[in-house]
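Trainee: How does the following fold in three dimensions:
(one chain, ligands or ions: 1)
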Amino acid sequence: MIELGLRNDVYRRPLMTALDRLGLREGWRCVDVGAGGGDVSVALAEIVGRDGRVYAVDSDPTARDRVAEAASASAQVVAITQAGEDLLLPEPVDLAFCRFVLMHVHDPLQVLTRMGAAVRPRGWVVAQEPVTTAGRIDGRPFSMPDARHPDVGALLPALALRAGLEVIDAWAEAPAGAGPGPVADYVAHLTGVNPGDDPVVLPPLVTVVARRPA
Ligand SMILES: C[S@@+](CC[C@H](N)C(=O)[O-])C[C@H]1O[C@@H](n2cnc3c(N)ncnc32)[C@H](O)[C@@H]1O
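Mentor: The predicted model follows:
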């Protein structure tokens, strides 16, 4: 698994664009599905503040400790071990978020549907998933053999509609670069090979901003 701090460097901009687009603010209750090490959970917690709450949900029990460490200064982050397919929270939330998760689950539609059910009526569902093979290293496509759905980003708006959600906005963003820097570091971490001065376009991240109907 890739280190989340590194990923956050290169994919931070799409995250902030999405959170700006939906107007996340103090006091919101959120769930971060497939929270991993908790980078996104902590970013959400910083915005929702002490009056808000962030449920950091992951099917991997070891994620709880990693989230607890990352969120040690954020009392509003609650780590839960649960599969996204079974998502069930103590209360309805304003936002259900996932990033780099639907690409790994058995059934992305089921997880999106559960995320829609977890938010209040008119609540927000935001998913950010890659189109892995649209990334390029020196002109050659990326591959990610370990992922069940490496290109699920390409289906994301349609999946949100099939999950019964109203799609408010959708777009794709891809960090790019050549030579030393965070993009080359990320590729080196992902593939084990430093791309040197080769041109890189990282896998575009498709963002869908959707709402549960009233
Ligand atoms: C690539 S990491 C992404 C972490 C985080 N969302 C981020 O963007 O930094 C994928 C995470 O999804 C979790 N995951 C995989 N399948 C899951 C499922 N069915 N339900 C919940 N979490 C799952 C993994 O345990 C892992 O922590």
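Trainee: Give the buried residues for stretch 48-58.
Mentor: Buried residues in stretch 48-58, counted by 16 or more other Cβ atoms under 10 Å: 48, 52-58. Placement of C-beta: from N, CA and C, glycine included.
Trainee: Quick check: mean pLDDT of it?
Mentor: Across stretch 48-58, the average pLDDT comes to 96.
Trainee: Check whether it comes near the ligand.
Mentor: Yes. Stretch 48-58 is in contact with the ligand by Cβ under 6 Å from any ligand atom, via D58.
Trainee: quick revisit: quick check: helices, which of the buried residues of stretch 48-58 are part of them?
Mentor: In helices, defined here by DSSP state H, the members of the buried residues of stretch 48-58 are V48.
Trainee: List just the nearest of the buried residues of stretch 48-58 to D151.
Mentor: D58 (22.8 Å; Cβ to Cβ).
Trainee: In terms of secondary structure, what does the lengthiest helix in the chain contact?
Mentor: The single longest helix within the chain, with elements called by DSSP H, is helix 4-22. Applying 3 or more Cβ pairs under 8 Å, 6 or more residues apart in numbering; DSSP states H and E, we find helix 4-22 packed against helix 39-48, strand 93-99, strand 119-130, strand 166-173, helix 182-191, strand 205-211.
Trainee: Please find the angle between the direction vectors of that helix and strand 166-173.
Mentor: Using axes from the mean of the first three to the mean of the last three Cα atoms, to 10 degrees, the inter-axis angle of helix 4-22 relative to strand 166-173 is 130 degrees.
Trainee: could you give the mean pLDDT of helix 4-22?
Mentor: 79.
Trainee: Which residues in the helix or strand that it is followed by does the neighbour count mark as buried?
Mentor: Following helix 4-22 in sequence order, the next helix or strand is strand 29-33 (DSSP states H and E). Burial within strand 29-33, assessed by neighbour count using 16+ other Cβ under 10 Å, is assigned to 29-33.
Trainee: could the residues you listed go into JSON lines alongside pLDDT?
Mentor: Shown next, in JSON lines, are the buried residues of strand 29-33 (pLDDT from 0 to 100):
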{"residue": "R29", "pLDDT": "98"}
{"residue": "C30", "pLDDT": "98"}
{"residue": "V31", "pLDDT": "98"}
{"residue": "D32", "pLDDT": "98"}
{"residue": "V33", "pLDDT": "98"}
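Trainee: Nearest to L44, out of the residues you listed: which one, please.
Mentor: Out of the buried residues of strand 29-33, the member with the shortest distance to L44 (by Cβ to Cβ) is C30, at 5.0 Å.
Trainee: ok and the longest helix of the chain relative to helix 39-48, angle-wise?
Mentor: 40 degrees.
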